[in-house]
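Undergrad: Fold the following for me, if possible:
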Amino acid sequence: MQTMKTSLLPLLLLSAGIANAQTTPQVPAITSALNDNTTAAANATTQANNAPAPAPAYVAPPVPPEHVSPRVAKARSNFDSKQRAQVAEYVGQARQVPTSASTANVGGQTIFTYRPGALYTIYVGAGRQTVIDFQPGEQLTGEVNGSDTVRWLISQVTSGTDAGEQVHLVLKAVEPGLTNDLFIATNRRTYLVTARSVADWSMPSVSWQYPLDTWKAQQAVAAKREAVQPVAVAPDALHFNYDIKGGRYSWKPMQVFDDGAQTYIRMPATLNATDAPALFLIEKGEPLLVNYRVKGVANGTSGPTYIVDRVFDRAELRVGAKQTITIRRR
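TA: Numbers count the residues shown, from 1 in each chain. Alright, predicted model coming up:
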(Lines give C-alpha, C1' and ligand atoms only; values in the text may rest on other atoms or scores of the structure.)
Protein backbone atom coordinates (compact mmCIF):
# COMPACT_ATOMS: atom_id res chain seq x y z
CA MET A 1 0.00 0.00 0.00
CA GLN A 2 2.80 2.35 0.89
CA THR A 3 4.42 1.48 -2.37
CA MET A 4 1.23 2.50 -4.39
CA LYS A 5 1.01 5.90 -2.66
CA THR A 6 4.63 6.51 -3.44
CA SER A 7 4.14 5.70 -7.12
CA LEU A 8 1.00 7.87 -7.47
CA LEU A 9 2.61 10.99 -6.09
CA PRO A 10 4.72 11.83 -9.15
CA LEU A 11 1.65 11.38 -11.36
CA LEU A 12 -0.38 13.83 -9.30
CA LEU A 13 2.43 16.36 -9.36
CA LEU A 14 2.72 16.02 -13.18
CA SER A 15 -1.03 16.50 -13.67
CA ALA A 16 -1.03 19.64 -11.53
CA GLY A 17 1.86 21.09 -13.55
CA ILE A 18 0.06 20.44 -16.78
CA ALA A 19 -3.08 22.17 -15.50
CA ASN A 20 -1.12 25.18 -14.35
CA ALA A 21 0.62 25.38 -17.72
CA GLN A 22 -2.74 25.43 -19.54
CA THR A 23 -4.19 28.31 -17.45
CA THR A 24 -1.07 30.52 -17.27
CA PRO A 25 -0.42 33.01 -20.24
CA GLN A 26 2.53 32.00 -22.36
CA VAL A 27 3.38 35.61 -23.80
CA PRO A 28 2.90 38.15 -21.04
CA ALA A 29 4.35 41.08 -23.20
CA ILE A 30 1.63 40.74 -25.87
CA THR A 31 -1.09 40.61 -23.26
CA SER A 32 0.25 43.76 -21.66
CA ALA A 33 0.32 45.60 -25.02
CA LEU A 34 -3.26 44.60 -25.81
CA ASN A 35 -4.40 45.83 -22.46
CA ASP A 36 -2.63 49.16 -23.00
CA ASN A 37 -4.20 49.65 -26.47
CA THR A 38 -7.65 48.84 -25.18
CA THR A 39 -7.26 51.41 -22.42
CA ALA A 40 -6.01 54.11 -24.85
CA ALA A 41 -8.93 53.48 -27.23
CA ALA A 42 -11.36 53.72 -24.36
CA ASN A 43 -9.78 56.97 -23.22
CA ALA A 44 -9.92 58.43 -26.77
CA THR A 45 -13.58 57.51 -27.09
CA THR A 46 -14.31 59.14 -23.75
CA GLN A 47 -12.47 62.35 -24.79
CA ALA A 48 -14.30 62.46 -28.12
CA ASN A 49 -17.63 62.05 -26.38
CA ASN A 50 -16.76 64.77 -23.89
CA ALA A 51 -15.40 67.26 -26.57
CA PRO A 52 -17.59 70.32 -27.25
CA ALA A 53 -19.67 70.31 -30.44
CA PRO A 54 -18.15 72.26 -33.40
CA ALA A 55 -19.49 75.77 -33.94
CA PRO A 56 -22.00 76.02 -36.80
CA ALA A 57 -20.89 77.74 -40.07
CA TYR A 58 -21.86 81.40 -40.31
CA VAL A 59 -24.86 82.05 -42.50
CA ALA A 60 -25.69 85.64 -43.40
CA PRO A 61 -29.20 86.56 -42.39
CA PRO A 62 -31.58 87.10 -45.33
CA VAL A 63 -31.99 90.67 -46.52
CA PRO A 64 -35.50 91.76 -45.85
CA PRO A 65 -37.41 92.99 -48.92
CA GLU A 66 -37.49 96.71 -49.45
CA HIS A 67 -40.80 98.18 -48.48
CA VAL A 68 -41.73 101.27 -50.48
CA SER A 69 -44.92 103.14 -50.51
CA PRO A 70 -47.17 102.98 -53.57
CA ARG A 71 -46.34 106.63 -54.19
CA VAL A 72 -42.59 105.97 -54.32
CA ALA A 73 -43.10 102.86 -56.48
CA LYS A 74 -45.18 104.84 -58.95
CA ALA A 75 -42.58 107.63 -59.05
CA ARG A 76 -39.83 105.11 -59.80
CA SER A 77 -41.89 103.50 -62.53
CA ASN A 78 -42.60 106.87 -64.10
CA PHE A 79 -38.90 107.76 -63.94
CA ASP A 80 -37.94 104.49 -65.67
CA SER A 81 -40.54 105.09 -68.36
CA LYS A 82 -39.25 108.59 -68.96
CA GLN A 83 -35.67 107.36 -69.19
CA ARG A 84 -36.63 104.69 -71.71
CA ALA A 85 -38.56 107.26 -73.72
CA GLN A 86 -35.64 109.69 -73.70
CA VAL A 87 -33.19 107.02 -74.81
CA ALA A 88 -35.57 105.87 -77.53
CA GLU A 89 -35.98 109.46 -78.69
CA TYR A 90 -32.32 110.34 -79.10
CA VAL A 91 -31.43 106.91 -80.47
CA GLY A 92 -34.24 107.35 -82.98
CA GLN A 93 -32.90 110.77 -83.91
CA ALA A 94 -29.42 109.36 -84.37
CA ARG A 95 -30.56 106.45 -86.53
CA GLN A 96 -29.97 106.89 -90.26
CA VAL A 97 -31.96 104.70 -92.63
CA PRO A 98 -31.70 104.57 -96.43
CA THR A 99 -34.37 107.07 -97.46
CA SER A 100 -34.30 109.86 -100.02
CA ALA A 101 -34.34 112.35 -97.13
CA SER A 102 -31.16 111.06 -95.47
CA THR A 103 -29.12 109.46 -98.25
CA ALA A 104 -27.99 110.00 -101.79
CA ASN A 105 -27.01 107.45 -104.37
CA VAL A 106 -24.58 106.99 -107.20
CA GLY A 107 -25.63 104.06 -109.35
CA GLY A 108 -26.38 101.20 -106.96
CA GLN A 109 -24.43 102.69 -104.08
CA THR A 110 -26.22 104.17 -101.09
CA ILE A 111 -24.39 107.21 -99.69
CA PHE A 112 -24.99 108.29 -96.10
CA THR A 113 -23.97 111.66 -94.71
CA TYR A 114 -21.50 110.95 -91.94
CA ARG A 115 -22.22 112.37 -88.50
CA PRO A 116 -20.32 111.34 -85.35
CA GLY A 117 -22.52 109.16 -83.17
CA ALA A 118 -25.09 108.44 -85.87
CA LEU A 119 -26.49 104.90 -86.19
CA TYR A 120 -26.60 103.65 -89.76
CA THR A 121 -28.99 100.89 -90.83
CA ILE A 122 -28.11 98.81 -93.88
CA TYR A 123 -29.93 95.86 -95.40
CA VAL A 124 -28.15 92.72 -96.60
CA GLY A 125 -29.91 90.14 -98.71
CA ALA A 126 -29.62 86.59 -97.39
CA GLY A 127 -27.32 84.69 -99.73
CA ARG A 128 -26.07 87.97 -101.18
CA GLN A 129 -23.44 90.45 -100.08
CA THR A 130 -23.22 94.13 -99.23
CA VAL A 131 -19.94 96.01 -99.63
CA ILE A 132 -19.07 98.91 -97.32
CA ASP A 133 -16.59 101.36 -98.89
CA PHE A 134 -14.39 103.64 -96.79
CA GLN A 135 -12.49 106.76 -97.79
CA PRO A 136 -9.31 106.24 -99.77
CA GLY A 137 -6.49 106.11 -97.23
CA GLU A 138 -8.83 105.20 -94.36
CA GLN A 139 -7.63 102.07 -92.57
CA LEU A 140 -9.25 99.79 -90.00
CA THR A 141 -7.44 99.89 -86.66
CA GLY A 142 -8.65 96.49 -85.47
CA GLU A 143 -11.18 93.74 -85.92
CA VAL A 144 -14.78 94.65 -86.63
CA ASN A 145 -16.81 94.08 -83.46
CA GLY A 146 -20.20 92.50 -84.11
CA SER A 147 -23.03 91.31 -81.89
CA ASP A 148 -23.51 88.16 -84.01
CA THR A 149 -20.28 86.57 -85.15
CA VAL A 150 -21.78 83.14 -85.87
CA ARG A 151 -24.44 83.75 -88.49
CA TRP A 152 -22.71 86.64 -90.26
CA LEU A 153 -19.59 86.54 -92.42
CA ILE A 154 -17.40 89.65 -92.56
CA SER A 155 -14.30 89.90 -94.73
CA GLN A 156 -11.95 92.75 -95.57
CA VAL A 157 -10.78 93.55 -99.10
CA THR A 158 -8.36 96.24 -100.26
CA SER A 159 -8.31 97.90 -103.68
CA GLY A 160 -5.98 100.48 -105.22
CA THR A 161 -2.42 101.35 -104.27
CA ASP A 162 -0.55 104.05 -102.39
CA ALA A 163 -2.69 107.16 -101.76
CA GLY A 164 -5.58 105.59 -103.69
CA GLU A 165 -5.70 102.45 -101.54
CA GLN A 166 -9.24 101.81 -100.31
CA VAL A 167 -10.59 99.38 -97.72
CA HIS A 168 -13.87 97.53 -98.24
CA LEU A 169 -15.87 95.34 -95.86
CA VAL A 170 -17.98 92.56 -97.34
CA LEU A 171 -21.01 91.49 -95.27
CA LYS A 172 -22.93 88.24 -95.77
CA ALA A 173 -25.81 86.76 -93.74
CA VAL A 174 -26.64 83.06 -93.72
CA GLU A 175 -30.40 83.59 -93.42
CA PRO A 176 -32.99 86.39 -93.36
CA GLY A 177 -34.34 87.97 -90.20
CA LEU A 178 -30.95 88.50 -88.53
CA THR A 179 -29.54 91.64 -86.91
CA ASN A 180 -25.89 92.43 -86.34
CA ASP A 181 -24.75 95.58 -84.52
CA LEU A 182 -21.29 96.54 -85.77
CA PHE A 183 -18.69 98.83 -84.27
CA ILE A 184 -16.04 99.80 -86.84
CA ALA A 185 -12.98 101.84 -85.85
CA THR A 186 -10.64 103.39 -88.40
CA ASN A 187 -7.69 105.76 -88.26
CA ARG A 188 -10.08 108.65 -88.98
CA ARG A 189 -13.41 107.98 -87.28
CA THR A 190 -15.76 105.34 -85.84
CA TYR A 191 -18.95 103.91 -87.32
CA LEU A 192 -22.01 102.39 -85.63
CA VAL A 193 -23.83 100.18 -88.13
CA THR A 194 -26.90 97.98 -87.70
CA ALA A 195 -26.94 95.32 -90.42
CA ARG A 196 -30.27 93.58 -91.03
CA SER A 197 -30.68 90.56 -93.28
CA VAL A 198 -33.72 90.41 -95.55
CA ALA A 199 -35.06 87.76 -97.87
CA ASP A 200 -35.73 89.34 -101.24
CA TRP A 201 -33.71 92.54 -101.68
CA SER A 202 -30.39 94.06 -100.74
CA MET A 203 -28.19 97.17 -100.68
CA PRO A 204 -25.26 96.19 -102.91
CA SER A 205 -22.91 98.96 -101.81
CA VAL A 206 -22.74 101.53 -99.01
CA SER A 207 -20.47 104.51 -98.41
CA TRP A 208 -20.45 107.93 -96.76
CA GLN A 209 -19.92 111.54 -97.68
CA TYR A 210 -18.06 113.63 -95.15
CA PRO A 211 -19.26 117.24 -94.92
CA LEU A 212 -16.77 118.11 -92.20
CA ASP A 213 -13.85 117.03 -94.37
CA THR A 214 -15.27 118.98 -97.31
CA TRP A 215 -15.83 121.95 -95.05
CA LYS A 216 -12.28 121.90 -93.73
CA ALA A 217 -10.81 121.69 -97.20
CA GLN A 218 -12.98 124.52 -98.45
CA GLN A 219 -12.22 126.64 -95.40
CA ALA A 220 -8.50 126.13 -95.91
CA VAL A 221 -8.74 127.24 -99.52
CA ALA A 222 -10.96 130.18 -98.59
CA ALA A 223 -8.62 131.29 -95.82
CA LYS A 224 -5.63 131.33 -98.16
CA ARG A 225 -7.09 132.83 -101.32
CA GLU A 226 -10.48 134.39 -100.82
CA ALA A 227 -11.01 135.32 -97.18
CA VAL A 228 -10.56 139.06 -97.73
CA GLN A 229 -11.98 139.28 -101.24
CA PRO A 230 -15.57 140.56 -101.52
CA VAL A 231 -18.05 138.62 -103.58
CA ALA A 232 -18.23 140.43 -106.93
CA VAL A 233 -21.85 140.58 -108.04
CA ALA A 234 -23.54 143.00 -110.43
CA PRO A 235 -26.11 144.88 -108.26
CA ASP A 236 -28.76 145.09 -110.97
CA ALA A 237 -28.73 141.32 -111.50
CA LEU A 238 -29.39 140.33 -107.91
CA HIS A 239 -32.46 138.28 -107.06
CA PHE A 240 -33.33 138.18 -103.34
CA ASN A 241 -36.75 136.53 -103.41
CA TYR A 242 -35.99 133.33 -101.52
CA ASP A 243 -37.90 131.62 -98.74
CA ILE A 244 -35.81 130.06 -95.97
CA LYS A 245 -37.85 127.70 -93.80
CA GLY A 246 -36.97 125.27 -91.06
CA GLY A 247 -35.94 125.06 -87.42
CA ARG A 248 -33.91 127.60 -85.50
CA TYR A 249 -30.61 125.87 -86.03
CA SER A 250 -27.27 127.55 -85.44
CA TRP A 251 -26.41 126.98 -89.11
CA LYS A 252 -29.60 128.44 -90.62
CA PRO A 253 -28.66 130.78 -93.52
CA MET A 254 -28.91 134.52 -93.00
CA GLN A 255 -29.66 135.28 -96.64
CA VAL A 256 -29.93 133.67 -100.09
CA PHE A 257 -29.70 135.46 -103.45
CA ASP A 258 -28.54 134.86 -107.00
CA ASP A 259 -27.21 136.89 -109.93
CA GLY A 260 -28.84 134.80 -112.66
CA ALA A 261 -25.86 132.48 -112.96
CA GLN A 262 -24.77 131.66 -109.44
CA THR A 263 -26.57 131.30 -106.10
CA TYR A 264 -25.09 132.70 -102.86
CA ILE A 265 -26.04 131.35 -99.44
CA ARG A 266 -24.80 133.52 -96.59
CA MET A 267 -24.24 131.49 -93.45
CA PRO A 268 -24.24 132.86 -89.87
CA ALA A 269 -21.08 134.27 -88.27
CA THR A 270 -21.28 131.74 -85.45
CA LEU A 271 -21.33 128.67 -87.72
CA ASN A 272 -19.45 125.79 -86.13
CA ALA A 273 -17.49 123.58 -88.49
CA THR A 274 -18.96 120.46 -86.89
CA ASP A 275 -22.48 121.77 -87.64
CA ALA A 276 -21.77 122.68 -91.26
CA PRO A 277 -24.71 121.34 -93.27
CA ALA A 278 -24.58 119.47 -96.55
CA LEU A 279 -26.33 121.06 -99.53
CA PHE A 280 -28.75 119.10 -101.72
CA LEU A 281 -30.69 120.33 -104.75
CA ILE A 282 -34.22 118.96 -104.96
CA GLU A 283 -35.21 118.03 -108.50
CA LYS A 284 -38.34 116.03 -109.26
CA GLY A 285 -38.68 115.39 -105.56
CA GLU A 286 -35.27 113.70 -105.30
CA PRO A 287 -32.21 115.09 -103.44
CA LEU A 288 -29.08 115.50 -105.52
CA LEU A 289 -25.63 116.30 -104.25
CA VAL A 290 -24.29 119.54 -105.66
CA ASN A 291 -20.80 120.94 -105.78
CA TYR A 292 -20.30 124.29 -104.11
CA ARG A 293 -17.43 126.30 -102.76
CA VAL A 294 -17.06 128.49 -99.73
CA LYS A 295 -15.89 132.10 -99.53
CA GLY A 296 -14.81 133.50 -96.22
CA VAL A 297 -14.76 131.99 -92.77
CA ALA A 298 -16.94 132.21 -89.69
CA ASN A 299 -15.16 134.67 -87.42
CA GLY A 300 -17.89 135.86 -85.06
CA THR A 301 -18.54 139.00 -87.13
CA SER A 302 -19.34 137.63 -90.56
CA GLY A 303 -19.96 134.17 -91.82
CA PRO A 304 -18.92 132.23 -94.90
CA THR A 305 -20.86 132.19 -98.15
CA TYR A 306 -21.78 129.05 -100.04
CA ILE A 307 -21.53 129.62 -103.79
CA VAL A 308 -23.37 127.30 -106.17
CA ASP A 309 -22.57 127.63 -109.86
CA ARG A 310 -26.19 127.54 -110.94
CA VAL A 311 -29.64 128.86 -110.05
CA PHE A 312 -32.06 126.41 -108.49
CA ASP A 313 -35.74 126.44 -107.58
CA ARG A 314 -35.42 124.40 -104.40
CA ALA A 315 -32.59 123.15 -102.23
CA GLU A 316 -32.13 121.74 -98.75
CA LEU A 317 -29.42 122.12 -96.15
CA ARG A 318 -29.20 119.03 -93.95
CA VAL A 319 -27.49 117.95 -90.78
CA GLY A 320 -28.34 114.31 -90.13
CA ALA A 321 -31.71 112.91 -91.10
CA LYS A 322 -34.07 115.26 -89.26
CA GLN A 323 -32.47 118.71 -89.24
CA THR A 324 -33.39 120.34 -92.54
CA ILE A 325 -33.62 123.88 -93.86
CA THR A 326 -35.54 124.32 -97.12
CA ILE A 327 -34.64 127.09 -99.58
CA ARG A 328 -37.12 128.04 -102.32
CA ARG A 329 -36.72 130.58 -105.10
CA ARG A 330 -39.78 132.70 -105.78
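
Undergrad: Number of residues surrounding residue 270?
TA: Applying other C-beta atoms under 10 Å, we find 13 other residues in the vicinity of residue 270. The C-beta positions use only the backbone N, C-alpha and C, and glycine is treated the same way.

Undergrad: gap between it and residue 148?
TA: Summarising the geometry, the distance separating residue 270 from residue 148, computed by C-beta to C-beta, to the nearest Å, is 44 Å.

Undergrad: Could you do residue 210 as well?
TA: Between residue 210 and residue 148 the computed distance is 28 Å (C-beta to C-beta).

Undergrad: Kindly report the same for residue 275.
TA: Per C-beta to C-beta, residue 275 is found 35 Å from residue 148.

Undergrad: ok, now residue 279?
TA: When C-beta to C-beta is applied, the distance between residue 279 and residue 148 equals 38 Å.

Undergrad: for residue 66, same thing?
TA: If you measure residue 66 against residue 148 using C-beta to C-beta, the figure is 37 Å.

Undergrad: Of the two, which one has the most company?
TA: residue 148 (14 against 6).

Undergrad: tell me the pLDDT at the more buried one?
TA: With respect to pLDDT, residue 148 scores 94.

Undergrad: so it makes contact with residue 177?
TA: No - with contact taken as C-beta atoms under 8 Å, residue 148 and residue 177 are classed as non-touching, separated by 11.6 Å.

Undergrad: Output the below-cut-off pLDDT ranges for the stretch 151-300 of the chain.
TA: Low-confidence segments of the stretch 151-300 of the chain (pLDDT under 70): 218-219, 222-234, 273-274.

Undergrad: Quick one: the strands in it, in order.
TA: For the stretch 151-300 of the chain, the strands defined by DSSP state E, counting those that start in this stretch occupy 152-159, 166-173, 179-185, 190-198, 205-209, 242-246, 255-258, 263-266, 278-283, 286-289, 292-295.

Undergrad: Turn the ones you listed into CSV, columns for mean neighbour count.
TA: Putting the strands of the stretch 151-300 of the chain into CSV (neighbours: other C-beta atoms under 10 Å) gives the following:
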stretch, mean neighbour count
strand 152-159, 13
strand 166-173, 19
strand 179-185, 17
strand 190-198, 19
strand 205-209, 20
strand 242-246, 14
strand 255-258, 18
strand 263-266, 22
strand 278-283, 19
strand 286-289, 15
strand 292-295, 19
